[in-house]
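S.K.: Build me a model from this:
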Amino acid sequence: MLSPAELERYARHIVLQEIGGAGQQKLKNARVLVIGAGGLGAPVLQYLAAAGVGTLGVADDDTVSLSNLQRQVIHDTDQLGEPKVASAAEAIARLNPNVKVEPHPTRLAGHNAMQLVSRYDLVVDGSDNFDTRYLVSDACFFAQKPLVTAAVGQFDGSLTTLKPHETGPDGTANPTYRCLFPQKPRDGLLPTCAQAGILGALTGIIGAMQAMEVLKELTGTGEGLVGRMILFDARTVRMETIRYKRSPKNPLNGDNPKTWAELLEEA
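M.R.: Residues are numbered from 1 along each chain as shown. Sure, this is the predicted structure:
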């Protein structure tokens, strides 16, 4: 149950008719895995911790560097050289001691992805490369876990929610990440963040939107982003929504589905 201190801390949530005490209890009981404690993961972790999500898993194998601090606001100068999962855990403890942090100082790979995502109710992907995005989305499908995934580059961001293990109102299976992006871009085709640069505040906007979608999913509030992708252009402050559907050619819930082992072999 929520303690008196928690009732005061989350009072602005509890007075919301759509959330209330029952919704806040759902947040306290929830287990969420955040992939990446960087530009996107930083605001995601901060807002989910502030909102009272009971257990936050943080998966990242990197350490804090000076060039991170322009956008990765969960870390600070005193934590240079520290593992990001440890730095994030320290910041979360300062923000909300009621939240349990489970650090995973590792990079997701074929041998650990399924085991890791299976331990949580929902997964947030804040990674910065397509290999991880495809791996995480595939693992979430087979583990039957909802996934809120986003990407940023220079001045642009995108965001969507994936639940392809479920069906929509019409009984059709929900789309997968591979319905949106059937082919993984070849290595070197797209510039990295270090090569192209990125506007720091952009990661805060998109990461905060990820956190919002997570809170909606956990509490059953509003309309989620399944089958919809938000595109945000910071230069013009314009936001567009594109709709996408299940492709029968996708290898997860398409007409000729593949196994987890087969997908790993192709990766």
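S.K.: Return the per-residue confidence for the residue nearest to residue 38 when sequence neighbours are not counted.
M.R.: Counting by CB to CB, 6 or more residues apart in numbering, residue 38 lies nearest to residue 72, which is 5.2 Å off, once chain neighbours are set aside. All C-beta atoms are positioned from the backbone trio N, CA, C, and that covers glycine. Note on residue 72: pLDDT of 96.
S.K.: Surely residue 72 touches residue 36?
M.R.: No. Counting by CB atoms under 8 Å, residue 72 sits too far from residue 36 to count as a contact (9.7 Å).
S.K.: Can you list the helices and strands that the helix or strand that residue 123 is a member of packs against?
M.R.: Per DSSP states H and E, residue 123 falls inside strand 122-125. If you count contacts as 3 or more CB pairs under 8 Å, 6 or more residues apart in numbering; DSSP states H and E, strand 122-125 packs onto strand 31-35, helix 130-143, strand 147-153, helix 200-219.
S.K.: Give me the angle between the last one and strand 147-153.
M.R.: Counting by axes from the mean of the first three to the mean of the last three CA atoms, to 10 degrees, helix 200-219 lies at 170 degrees to strand 147-153.
S.K.: what lines up beside the helix or strand following helix 200-219 in the sheet?
M.R.: Remark: after helix 200-219, the chain's next helix or strand is strand 228-233, criterion DSSP H and E. Sheet pairing for strand 228-233, assigned by DSSP bridges, gives strand 156-162 (antiparallel), strand 238-243 (antiparallel).
S.K.: And for stretch 206-219, what's in contact with it?
M.R.: 18-19, 23, 26-27, 30, 32, 39-44, 46-48, 51, 53, 121-122, 124, 126, 146, 148, 150, 152, 157-159, 161, 221-222, 224-225, 230, 232 (CB atoms under 8 Å, 6 or more residues apart in numbering).
S.K.: Quick one, which of those are buried?
M.R.: Buried residues within the contacts of stretch 206-219, counting neighbours by 16 or more other CB atoms under 10 Å: 19, 23, 26-27, 30, 32, 39-44, 46-48, 51, 53, 121-122, 124, 126, 146, 148, 150, 152, 157-159, 161, 221, 224-225, 230, 232.
S.K.: how far away is residue 120 from residue 146?
M.R.: 10 Å (CB to CB, to the nearest Å).
S.K.: go on, residue 50?
M.R.: Residue 50 is 21 Å from residue 146, by CB to CB.
S.K.: The helix or strand bottoming out on mean pLDDT in the chain: which residues count as buried?
M.R.: Among the helices and strands of the chain, helix 193-196 carries the lowest confidence by mean pLDDT, DSSP states H and E, at a mean of 82. In terms of neighbour count (16+ other CB under 10 Å), helix 193-196 has its buried residues at residue 193.
S.K.: One more: stretch 213-228?
M.R.: Under 16+ other CB under 10 Å, the buried positions of stretch 213-228 are 213, 214, 215, 216, 217, 218, 219, 221, 224, 225, 226, 227.
S.K.: Sketch out the low-pLDDT regions of this structure for me.
M.R.: Within the chain, the segments meeting pLDDT under 70 span 189.
S.K.: what's the straight distance from one end of stretch 143-163 to the other?
M.R.: Using CA to CA, to the nearest Å, the end-to-end distance of stretch 143-163 comes to 11 Å.
S.K.: Over to stretch 157-166?
M.R.: Stretch 157-166 end-to-end distance (CA to CA) = 26 Å.
S.K.: same question, stretch 239-256
M.R.: Note: stretch 239-256 ends 35 Å apart using CA to CA.
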